[in-house]
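Visitor: Next one to model:
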Amino acid sequence: EIACGAMVGEHGAYGRDFAQLGRFLAPIAFTNVAKDIGQQVLNRSLANGTDAVTTLAGFGLAYTFMKLFSNSLNEMKHVGVVLVTDHAARRRSLAILGLSGILTSLLMMLLGTTKLGVWFVEGLHGVNEATGQAAYVSFLGLSVYPVFDGVASLHIGCLLRRKLSGYVGMASMADMGMQIVAVTILLRTDLLCSSPLLIPILAIYTGVVVRLTMAIFGYYRFVHSHLPANAEAEDANGSSSGTATTSPGYRRILKFFWPLALVKVMQSISRPVVNLLCAHYSRHISEAAADKTVAILSLTFPIGHLPYGWINEARALAPTFRRRRTDGAEPMRARSISLFMGLCLAISLSVMVVLFWLPGVSVALLMKVNGVTRDLAESSVVPLRIFTFFGVAVTIRSHYTGWLMLRERTRAVAPSAPMRVVIIVVMLFVLPQVGVIGATMGIAALLTGFLLEAAIVFAAAMWVRHGMRKAYRPQAQVTEDSDSAGVEEIEMNDRQHLIVDKEYEDEDDVDTSTVA
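Guide: Got it, this is the predicted structure:
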């Protein structure tokens, strides 16, 4: 009876942990899907204008390049989750973000106004002059966006640190909603004929300004008053001391941020590389084959990404729920997060099996939603089925990246993304030799890159864990709670590498806000 009671109690504890994790992840996972929908709205706004092909190509080129930098600055969200422990840390993070954003904006302005842009757009990409002019206007128009997006991401990270993912989800949905409203209104104006490029640009800024405003308001409403002015001063007043509670300096923030930004940039590069090389090989067959390959890749990327892309947001689980706390409360058990990640993977796999493996489902989906021909839809079936296995790699990568972020060892993940690009290029040269070509070759090469990246992140986490155990074994007290890999967590007595945070006394307020 005692054993049965203990088992029931343990299952109940897992259920409560799963409920917390689900409430936290669901809003930000849903917004990940909404971003893909927002992109389709922007494309549709240009498709209604005059010379739609030229404007779509020019805007798409500039937008892709802008997102390359914007996505890297988005990693400031994790700086907010892990390192913004006081007002001084926030100011330092904003300074680093501001400098990075200014450099990014200047580069985009140079691409829009100088011969560097002509070489990059018309020379490197081989587009015509009309498409180039559309790209230059788009570069100038989008040049400030990464700064706005980065500042919003930093404050969103601060909100996620307090588990206010519900509010973060509302801010992101407001962004997407305002973009849709702006596009709907602007399509009824003279801009559609005179300056169609201004429609998506203005819509993007409308959305990000709303998200930025809500993020900053939420920070001052729910977070600012709970942070000390300076963590060192807090220590001097008698709270728990230790290196983990000192205010992060510029070097510590940069050391944490640059590997995540590098990984994001390299991840963003991999898809254009796949498109370029797949089209190159298909062009040896015929121009029609090259066009068909690019069309299939363009169709399958967003659809294949939807069922697993939201798992990327699970990186924030460990830094948010596993921080050691000075108020006496215990952090969530590592096993709960590991099992929850397994549940996320099971959900993703189930969705992909239904969509991509049941006969006729993927073909009907592509024909009805995207309006493509049956031939193109049937040619997309095999690439979509390959996407089924991406969820495994993304789950492993997200889980152990979060583990490394918790310990501020992000430098360990830096080699993973460059190696992903290298293996993708290698596979794109190898696969045609064994008869695999077209879009199937591209998605298979991309899967290989994902799997290698996940393996490197896993190996890096195991290496860091081994080093921590070896360095602090004389001071360590082994706990019974372990991660999914089965290796014991180590409680450090003096030098603590788990994030020690001044948590907030009013937990009911946090829970209520998160549910809301």
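
Visitor: for the protein, where's the lowest mean pLDDT among helices and strands?
Guide: The helix or strand of the chain with the poorest confidence is helix 507-515; it has a mean of 34 (mean pLDDT, DSSP states H and E).

Visitor: Just list the residues touching residue 442, thanks.
Guide: Neighbour list for residue 442: 274, 275, 277, 278, 293, 297, 383, 428 [criterion: C-beta atoms under 8 Å, 6 or more residues apart in numbering]. No exception for glycine: its C-beta is placed from N, CA and C like everyone else's.

Visitor: Am I right that it falls within a helix?
Guide: Yes - Residue 442: assigned to a helix according to DSSP: H, G, I helix; E, B strand; the rest coil.

Visitor: Kindly state the pLDDT recorded for it?
Guide: We have a pLDDT of 90 for residue 442.

Visitor: From residue 301, how far out is it?
Guide: Using C-beta to C-beta, to the nearest Å, we find residue 442 at a distance of 9 Å from residue 301.

Visitor: how about the nearest residue to the one residue sitting closest to the centre of the chain, chain neighbours excluded?
Guide: Note on the chain: the residue nearest the mean C-alpha position is residue 312, at 5.7 Å, using C-alpha atoms, centre = their mean. Closest residue to residue 312 apart from its sequence neighbours, by C-beta to C-beta, 6 or more residues apart in numbering: residue 398 at 5.7 Å.

Visitor: can you list the contacts of residue 442 in a markdown table and add distance to residue 85?
Guide: Formatted as a markdown table, the contacts of residue 442 follow (distance: C-beta to C-beta, whole Å):
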| residue | distance to residue 85 |
| --- | --- |
| 274 | 40 |
| 275 | 42 |
| 277 | 45 |
| 278 | 46 |
| 293 | 49 |
| 297 | 43 |
| 383 | 45 |
| 428 | 44 |
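
Visitor: quick one: residue 163 and residue 317 touch, right?
Guide: No - counting by C-beta atoms under 8 Å, residue 163 does not reach residue 317; the two are 10.5 Å apart.

Visitor: of those two, who's got more company?
Guide: The neighbour count for residue 163 versus residue 317, taken as other C-beta atoms under 10 Å, is higher for residue 317 (25 against 21).

Visitor: quick one: contacts for that one?
Guide: Residue 317 neighbours (C-beta under 8 Å, 6+ apart): 21, 24, 25, 337, 340, 341, 402.

Visitor: hang on, it in a helix?
Guide: Yes - Residue 317: assigned to a helix according to three-state DSSP.

Visitor: ok, back up a step: okay, and which of the contacts of residue 317 map to helices?
Guide: 21, 24, 25, 337, 340, 341, 402 (DSSP state H).

Visitor: follow-up on the earlier one: and the contacts of residue 317, which are buried?
Guide: 21, 24, 25, 337, 340, 341, 402 (16 or more other C-beta atoms under 10 Å).

Visitor: which residues touch the last one?
Guide: For residue 402, the set of contacting residues under the criterion of C-beta under 8 Å, 6+ apart consists of 314, 315, 316, 317, 318, 319.

Visitor: the helices in the stretch 401-516 of the chain, which residues?
Guide: 416-430, 438-472, 507-515 (DSSP state H, counting those that start in this stretch).

Visitor: For residue 216, which of the ones you listed is the nearest?
Guide: Between residue 216 and the helices of the stretch 401-516 of the chain, the shortest separation by C-beta to C-beta is 16.4 Å, and it involves helix 507-515.

Visitor: Pretty sure residue 456 sits against residue 415.
Guide: Yes - between residue 456 and residue 415 there is a contact at 6.1 Å, judged by C-beta under 8 Å.

Visitor: what about the two, which has more around it?
Guide: Using other C-beta under 10 Å, the more surrounded residue of residue 456 and residue 415 is residue 456, with 21 against 17.
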